[in-house]
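K.L.:
Give me a model of this one.
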Amino acid sequence: MTGSQSREPALKAYEGLFFQGELGGTADGSKPLPQILGQRFFYFMGLKTSMRENKRSRRTLKGVQTMAKAAKKDDRRIIRIFDTTLRDGEQAPGNSMNIEEKLRIAKQLQKLNVDVIEAGFPIASDGDFEAVKKIAQTIKGPEIAGLCRSSEKDIDRAWEALKYAGEKGRIHTFIATSDIHMKYKLQMEPDKVLAAAVKAVKRAASYTPNVEFSCEDAVRTRLPFLAEVVEAVIAAGATTVNIPDTVGYTIPFEYFNIIKYLKDNVPNIDKAIISVHCHNDLGLSVANSIAAIQAGAGQVECTINGIGERAGNCSLEEFVMILKTRGDILPFATNIVTEQLTPASRLLTTVTGIAVQPNKSIVGANAFAHEAGIHQHGMLMEKTTYEIMTPESVGLSASAIVLGKHSGHHALRKRLVELGHDLDDEKFRRTFDRFKELADLKKEIFDEDLDAIVSDEIREEDQYKLDHVTVTCGSFAVATATVQMEINGVTVRTAELGDGPVDSTFKAIKKLTKSKAKLTQYNVGSITGGTDAQGEVTVRVTEGSHAVVGKGASTDIIVASAKAYIHALNRLSNKQKRLTDVI
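P.N.:
Here you go, the predicted structure:
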């Protein structure tokens with residue numbers, strides 16, 4: 001069975017998602033457009049005409065005016081933001097977080113004002129359970145969701161963690177509905193899958209009325225069966241139904257038609273919110289999410305920086321800023337405090353060690369950078385010539401305070417909070433001491449330096465701690481590294497030879513820790529400019545099925561390398577302790 005065969009109805013134009021026209025004039029026909037691109041094309045408008053009718057006649061773009069007028073109304077439809085950074089985002093290799101790190105991210109999501117935080121998969125491990133429980137106990141405002149399969153044991157375990165959130169607790173249960181998943185993964189017939197879905201929702205609804213059900217691999221599911229499942233789970237008590245593109249396979253017009261089909265063919269669809277969860281395997285997760293809300297979806301599931309399984313998920317910051325920037329034609333809004341987007345992105349990078357690519361939309365280092373002369377001239381004359389949104393609108397602004405060795409506690413704490421680092425007194429004390437040490441070496445401390453310092457000082461160092469490292473090397477000398485560490489509170493020391501200072505240092509650390517982990521990636525770069533800049537090292541290590549990323553920063557590259565490697569080994573050790581096999 002091919003994908004196209006299983007979803008044939010979805011491939012047919014439903015209510016005319018596209019509008020066909022020519023680049024021959026404006027919507028009202030009053031002004032001609034340049035004929036340079038005079039070929040025929042499709043407008044993504046969702047007009048109430050079929051594609052077949054469009055093929056028979058050439059129409060003007062009067063639908064553009066209709067959408068623009070709709071977008072100007074004060075009562076824009078609010079799209080709920082369901083953040084799954086702590087669940088789907090954390091599942092990606094190298095993104096594993098401990099309980100404290102998850103709580104820090106959750107507090108930032110609270111500042112962002114997301115509607116729902118999916119805090120984890122409670123039955124996956126004791127660590128995941130405790131993280132969901134802690135977030136449910138601590139976070140006020142957003143709903144707190146926990147994911148669980150359609151089994152009683154999963155659902156019971158999820159509610160055990162979520163019950164502390166009270167009416168804000170949401171049980172999110174799922175089962176696969178596509179033919180390929182039912183046949184090869186579940187090995188269940190459709191009627192058995194339907195029964196399991198209904199049973200799971202009823203079990204969840206016995207704990208809370210806030211129940212979300214997901215049809216895993218929905219976009220590759222036969223539409224009549226998908227509609228049957230959705231109708232049944234809503235009748236059983238689901239108040240949100242998620243139609244995920246689990247493998248990032250669909251494209252916007254197809255996804256629009258799937259959601260529209262459900263809106264028109266599920267009798268009780270008005271009793272639940274339609275949610276969408278798009279993966280980015282073909283680079284269309286954000287575009288697909290936009291198409292879905294145009295078709296009637298009311299909730300979008302997304303992650304900070306778009307992190308997640310494989311190629312990631314719909315990027316929260318991109319989706320939100322599209323709605324905010326293109327309010328002229330998109331009659332939707334969110335409750336997100338967009339000024340918290342950049343702090344959220346930076347905090348996630350600090351916690352996971354996964355850097356954002358410079359050309360990343362909204363939060364990348366180059367998102368508001370202009371180097372070309374003609375662009376710079378335009379920016380000097382009028383910023384809107386090349387900026388469609390302001391840096392301030394996403395929380396990116398130049399610090400008015402220059403931090404250096406004479407800066408005090410208040411100035412540093414203020415800037416850290418602006419960057420998304422809300423530290424307790426003990427962590428702030430350690431950060432301040434490290435800040436002063438760096439200020440003695442550097443004339444000016446940049447935001448990137450502060451991120452690196454916080455990353456070093458707040459991390460969990462349960463087992464391994466670097467005391468010092470000394471290296472001798474040269475053109476005619478074999479590199480030798482002497483490393484002293486504390487392992488479980490015991491001071492140990494050794495020396496090793498190697499092919500260069502980094503290799504010898506890593507060999508010494510590996511000998512002391514008796515680690516079997518394999519170093520699979522090593523990157524070094526300058527955090528800021530200048531010869532006094534801190535070097536930042538990122539390493540990736542794997543052992544068995546576990547992969548983690550470690551980061552270290554110092555004005556000495558060898559010290560930074562040692563810190564990064566030890567950070568990775570600590571994260572690997574903690575991950576191995578926390579994780580248990582999914583039952």
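
K.L.:
burial of the closest residue to residue 157 other than its chain neighbours, as a residue count?
P.N.:
Spatial nearest neighbour of residue 157, excluding adjacent residues (CB to CB, 6 or more residues apart in numbering): residue 123 at 4.4 Å. C-beta: built from backbone N, CA, C; applies to glycine. Other residues near residue 123 come to 24 when the count uses other CB atoms under 10 Å.

K.L.:
where does residue 123 fall, helix, sheet strand or coil?
P.N.:
At residue 123 the chain is in coil, as set by DSSP: H, G, I helix; E, B strand; the rest coil.

K.L.:
thinking it is in contact with residue 154, fair?
P.N.:
Yes - Residue 123 is in contact with residue 154 according to CB atoms under 8 Å; the separation is 4.9 Å.

K.L.:
chain center to the strand or helix carrying residue 147, what's the gap?
P.N.:
Assigned by DSSP states H and E, residue 147 falls within strand 143-149. Here strand 143-149 is found 17 Å from its chain centre; the criterion is CA atoms, centre = their mean, to the nearest Å.

K.L.:
Also stretch 501-517?
P.N.:
Stretch 501-517 sits 33 Å away from the centroid of its parent chain (CA atoms, centre = their mean).

K.L.:
Pull the residues that contact that stretch.
P.N.:
With CB atoms under 8 Å, 6 or more residues apart in numbering as the test, stretch 501-517 has contacts from 464, 469, 471, 473, 479-483, 485, 487, 492-498, 519, 522, 541-543, 557-558, 561-562, 565-566, 568-569, 572.

K.L.:
Now, those residues that are in helices?
P.N.:
Among the contacts of stretch 501-517, the members falling in helices (DSSP state H) are 557-558, 561-562, 565-566, 568-569, 572.

K.L.:
Could you take those and lay them out as JSON lines, with extra columns for neighbour count?
P.N.:
Formatted as JSON lines, the ones in helices among the contacts of stretch 501-517 follow (neighbours: other CB atoms under 10 Å):
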{"residue": "557", "neighbour count": "18"}
{"residue": "558", "neighbour count": "21"}
{"residue": "561", "neighbour count": "26"}
{"residue": "562", "neighbour count": "26"}
{"residue": "565", "neighbour count": "27"}
{"residue": "566", "neighbour count": "26"}
{"residue": "568", "neighbour count": "28"}
{"residue": "569", "neighbour count": "22"}
{"residue": "572", "neighbour count": "22"}
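
K.L.:
what's the closest of those to residue 395?
P.N.:
Distance to residue 395 across these (CB to CB) is lowest for residue 568, with 29.4 Å.

K.L.:
Please identify the residue most distant from the middle of the chain.
P.N.:
residue 476 (48.3 Å; CA atoms, centre = their mean).

K.L.:
okay, and the common contacts of residue 123 and residue 154?
P.N.:
The contact lists of residue 123 and residue 154 share residue 148, where a contact means CB under 8 Å, 6+ apart.

K.L.:
pLDDT weak spots in this structure?
P.N.:
Applying pLDDT under 70 to the chain picks out residues 1-74, 370-381, 398-402, 458-462, 578-583.

K.L.:
Now the residue farthest from the centre of the chain: phi and psi?
P.N.:
phi -120, psi 20 (degrees, to the nearest 10).

K.L.:
swap in residue 102?
P.N.:
For residue 102, the backbone dihedrals are phi -60, psi -40 (criterion: degrees, to the nearest 10).

K.L.:
For it, give its distance to residue 162.
P.N.:
Separation of residue 102 from residue 162 (CB to CB, to the nearest Å): 15 Å.

K.L.:
All the strands of the stretch 451-583 of the chain, residue numbers only.
P.N.:
Counting by DSSP state E, counting those that start in this stretch, the stretch 451-583 of the chain has strands at residues 464-474, 477-487, 490-498, 518-526, 535-543, 546-554.

K.L.:
Please read the previous query as pertaining to the stretch 151-300 of the chain.
P.N.:
Using DSSP E, counting those that start in this stretch, strands in the stretch 151-300 of the chain cover 169-176, 211-216, 240-242, 273-277, 299-302.

K.L.:
Next, the angle strand 211-216 makes with the first one.
P.N.:
With axes from the mean of the first three to the mean of the last three CA atoms, to 10 degrees as the basis, strand 169-176 and strand 211-216 are set at 20 degrees to each other.

K.L.:
List the buried residues of strand 169-176.
P.N.:
For strand 169-176, a neighbour-count test (16 or more other CB atoms under 10 Å) marks 169-176 as buried.

K.L.:
from these, which single one is nearest residue 247?
P.N.:
Using CB to CB, these come closest to residue 247 at residue 176, 11.1 Å.

K.L.:
which residue packs closest to the closest one, ignoring adjacent ones?
P.N.:
Using CB to CB, 6+ apart, the nearest residue to residue 176 is residue 216, at 4.0 Å.

K.L.:
CA-only coordinates of stretch 181-199, as PDB, when you get a sec.
P.N.:
Extracted in PDB, the C-alpha atoms of stretch 181-199 (Å, rounded to 0.1, in the frame of the first residue of the first chain):
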ATOM      1  CA  HIS A 181       1.300   1.400  11.600                       C
ATOM      2  CA  MET A 182      -1.700  -0.800  12.400                       C
ATOM      3  CA  LYS A 183      -0.300  -3.600  10.300                       C
ATOM      4  CA  TYR A 184       3.400  -3.600  11.100                       C
ATOM      5  CA  LYS A 185       3.800  -1.800  14.500                       C
ATOM      6  CA  LEU A 186       0.500  -2.500  16.400                       C
ATOM      7  CA  GLN A 187      -0.400  -5.700  14.500                       C
ATOM      8  CA  MET A 188      -4.000  -4.800  15.200                       C
ATOM      9  CA  GLU A 189      -7.100  -4.600  13.000                       C
ATOM     10  CA  PRO A 190      -8.900  -1.300  12.600                       C
ATOM     11  CA  ASP A 191     -11.800  -2.200  14.800                       C
ATOM     12  CA  LYS A 192      -9.500  -3.200  17.600                       C
ATOM     13  CA  VAL A 193      -7.600   0.100  17.300                       C
ATOM     14  CA  LEU A 194     -10.900   2.000  17.400                       C
ATOM     15  CA  ALA A 195     -12.000   0.200  20.500                       C
ATOM     16  CA  ALA A 196      -8.600   0.800  22.200                       C
ATOM     17  CA  ALA A 197      -8.800   4.500  21.400                       C
ATOM     18  CA  VAL A 198     -12.300   4.800  22.900                       C
ATOM     19  CA  LYS A 199     -11.300   2.800  26.000                       C
END
